[in-house]
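J.: below is the sequence, then the predicted model.
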Amino acid sequence: MDTVTQIGLGAAVGEAVLGRQVGRRALLWGGICGLLPDLDVLVPLGDAVKNFTYHRGPSHSLFVLAAFTPLMVHWILKVHPQTVLHRTRWLWLVFLAFATHVLLDCLTVYGTQIFWPLPTPPVMWSTLFIIDPAYSLPLLAGVLAATIMSRRMNRGHTVNAACLAIS
């Protein structure tokens with residue numbers, strides 16, 4: 001899936017999991033975690049075929065991401081120590097942002113190796129285009145609502161949850 005949608009999905013999940021407790025920080029860190037698995041494209045392996053096959057490999061493995069989740073939460077809590085009371089929710093936010101990234105990539109024709117290092121073929125359901133406005137626009141509308149609407153009444157949180165469900 002495209003980068004903007006992955007960041008948006010991570011941000012929407014972050015808002016849904018922890019937005020009421022920590023505010024816009026949940027959007028920020030959800031978006032960052034939604035982007036992280038795709039940073040493997042920055043690792044040059046020498047040729048285009050190796051680069052293509054490596055992408056959506058180890059960095060998209062549910063095993064690797066589950067192991068990386070506590071490390072990411074530790075780093076987030078170093079940056080935002082005032083939110084340490086929400087450690088469990090931070091764990092859920094990070095893992096769900098990672099997991100939804102991987103599952104969204106499974107919906108494309110390229111699929112992903114979610115069970116790496118096990119010798120299984122990539123999981124793909126081929127139901128979404130790589131860039132799919134019908135999926136992305138409602139998702140991004142919810143993130144925008146959560147970003148700009150008042151936090152006192154939780155309207156943005158509610159709109160985000162509805163848009164997340166629609167997309």
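T.: Arrived safely. Residues are numbered from 1 along each chain as shown.

J.: contacts and neighbour counts: CA atoms only from here.
T.: Will do.

J.: what about this structure, any weak spots by pLDDT?
T.: Scanning the chain with the threshold set as pLDDT under 70 gives 43-46, 48-55.

J.: contacts for stretch 146-155, please.
T.: With contact meaning CA atoms under 8 Å, 6 or more residues apart in numbering, stretch 146-155 is reached by 15, 20, 23-24, 27, 156-157, 159-160.

J.: of those, which is the most crowded?
T.: residue 15 (32 neighbours; other CA atoms under 10 Å).

J.: okay if I get the contacts of stretch 146-155 as CSV plus secondary structure and distance to residue 7?
T.: Converted to CSV, the contacts of stretch 146-155 look like this (DSSP: H, G, I helix; E, B strand; the rest coil; distance: CA to CA, whole Å):
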residue, secondary structure, distance to residue 7
15, helix, 12
20, helix, 19
23, coil, 17
24, helix, 14
27, helix, 9
156, helix, 18
157, helix, 17
159, helix, 18
160, helix, 14
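
J.: please identify which of those residues is nearest to residue 127.
T.: Of all the contacts of stretch 146-155, residue 160 has the smallest distance to residue 127: 23.1 Å, by CA to CA.

J.: so the closest one is in contact with residue 166, correct?
T.: No. Using CA atoms under 8 Å, residue 160 is not in contact with residue 166; the gap is 9.8 Å.

J.: now do the shared contacts for the two.
T.: Counting by CA under 8 Å, 6+ apart, the common neighbours of residue 160 and residue 166 are residue 139.

J.: what sits against residue 87?
T.: 73, 77 are the contacts of residue 87 under CA under 8 Å, 6+ apart.
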